[in-house]
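In: Model the following, please.
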Amino acid sequence: MLTLPKSKTACRNLVLLFLLLSLLDHTSSEQSNQDGSFDHVNDTHWNAGFMTDGNRYHSDYFDFTYSLPDDFVDETEQFKSRIRALSAGHGRDWPVLLHAVKRPNESADSVSEITVTVDPLGRYTGGITEKDFMHRTAQSMAYAGDDVLQEGKQVEVSGWTFFRADYKINHPNSGYLTVMVTFRKDCALLFQVGAHSKKEVDSITRLMPRKLITK
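Out: From the prediction side, this is the model:
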């Protein structure tokens with residue numbers, strides 16, 4: 001299940017990309033900034049965004065608008081608070097722009113989730129391409145025991161070029177994850193869709209051309 005975590009272990013599926021990339025800072029130091037790869041994650045220009053009508057997120061810095069699919073609810077602030085608590089002592093705050101969940105009812109666990117996050121490219125001292133970024137992530141996923149179903153397929157969405165990867169999450173909770181990555185300005189912008197079934201993940205991902213407005 002990909003539910004909002006109650007422990008560090010269950011949190012893995014929800015902040016997978018950043019926990020794995022943080023691990024890569026130690027295992028691939030030749031490509032990382034040893035002086036603190038996430039020193040600037042609190043920069044306000046990345047976080048300059050807002051929700052309107054309860055279901056439409058706009059990023060001022062990246063200049064895009066994303067409308068949540070039907071039945072999704074914005075829980076960005078709750079998600080950020082949980083991550084801050086879990087990462088206390090690490091001296092960093094994960095750059096999460098949006099986190100939304102879909103639940104059968106208000107008291108139920110989430111059955112699918114959408115998370116939009118940022119990874120600062122400045123932390124890769126030798127530079128990195130989209131394909132290299134996806135390959136390093138896939139290696140980390142495989143190392144963690146998950147299945148890489150697809151790595152780095154190039155797709156066009158709303159005028160932007162994305163690289164898509166699909167994963168089957170095996171533990172501690174089972175499910176599926178699709179990651180859509182695009183390099184914008186000085187960052188990697190990641191749209192992550194997680195759900196119990198591959199069919200549900202694909203259904204949500206197929207909505208992106210209608211839900212994402214770019215300039």
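
In: CA only for contacts and neighbour counts going forward, please
Out: Fine.

In: now the helices for the chain?
Out: Remark: helices assigned in the chain by DSSP state H are 16-27, 44-47, 76-86, 130-143, 198-206, 208-211.

In: got a markdown table for those, with mean neighbour count and distance to H171 too?
Out: Converted to a markdown table, the helices of the chain look like this (neighbours: other C-alpha atoms under 10 Å; distance: least, C-alpha to C-alpha, whole Å):
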| stretch | mean neighbour count | distance to H171 |
| --- | --- | --- |
| helix 16-27 | 16 | 12 |
| helix 44-47 | 16 | 31 |
| helix 76-86 | 15 | 19 |
| helix 130-143 | 17 | 11 |
| helix 198-206 | 16 | 16 |
| helix 208-211 | 16 | 27 |
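
In: nearest spatial neighbour of F62, skipping sequence neighbours?
Out: R184 (6.9 Å; C-alpha to C-alpha, 6 or more residues apart in numbering).

In: so that neighbour sits right up against F64, yeah?
Out: No: contact criterion C-alpha atoms under 8 Å: R184 and F64 do not qualify, at 10.7 Å.

In: re the thing from before, rebuild the helices of the chain as CSV, extending it with distance to Q154.
Out: Shown next, in CSV, are the helices of the chain (distance: least, C-alpha to C-alpha, whole Å):
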stretch, distance to Q154
helix 16-27, 19
helix 44-47, 25
helix 76-86, 28
helix 130-143, 9
helix 198-206, 14
helix 208-211, 14
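
In: mind checking which of these is nearest Y167?
Out: Evaluated over these, closeness to Y167 peaks at helix 130-143, with 7.9 Å, by C-alpha to C-alpha.

In: Show me what that closest one is packed up against.
Out: helix 16-27, strand 147-157, strand 160-169, strand 175-184 (3 or more C-alpha pairs under 8 Å, 6 or more residues apart in numbering; DSSP states H and E).

In: which of those sits most buried?
Out: Comparing the helices and strands packed on helix 130-143 by mean neighbour count (mean count of other C-alpha atoms under 10 Å), strand 175-184 ranks first with a mean of 22.

In: tell me the angle it makes with strand 160-169.
Out: Going by axes from the mean of the first three to the mean of the last three C-alpha atoms, to 10 degrees, strand 175-184 is angled at 160 degrees with respect to strand 160-169.

In: Now find how far off-centre strand 175-184 is within its chain.
Out: Its chain's C-alpha centre and that of strand 175-184 lie 6 Å apart, by C-alpha atoms, centre = their mean, to the nearest Å.

In: Then stretch 115-127?
Out: Distance, centroid of stretch 115-127 to centroid of chain: 12 Å (C-alpha atoms, centre = their mean).

In: list the buried ones in that stretch?
Out: For stretch 115-127, burial by neighbour count (16 or more other C-alpha atoms under 10 Å) applies to T115, V116, T117, V118, D119, P120, L121, G122, R123, Y124.

In: Averaging pLDDT over each of the helices of the chain, report the lowest-scoring one.
Out: In terms of mean pLDDT, the lowest-scoring of those is helix 16-27 (a mean of 43).
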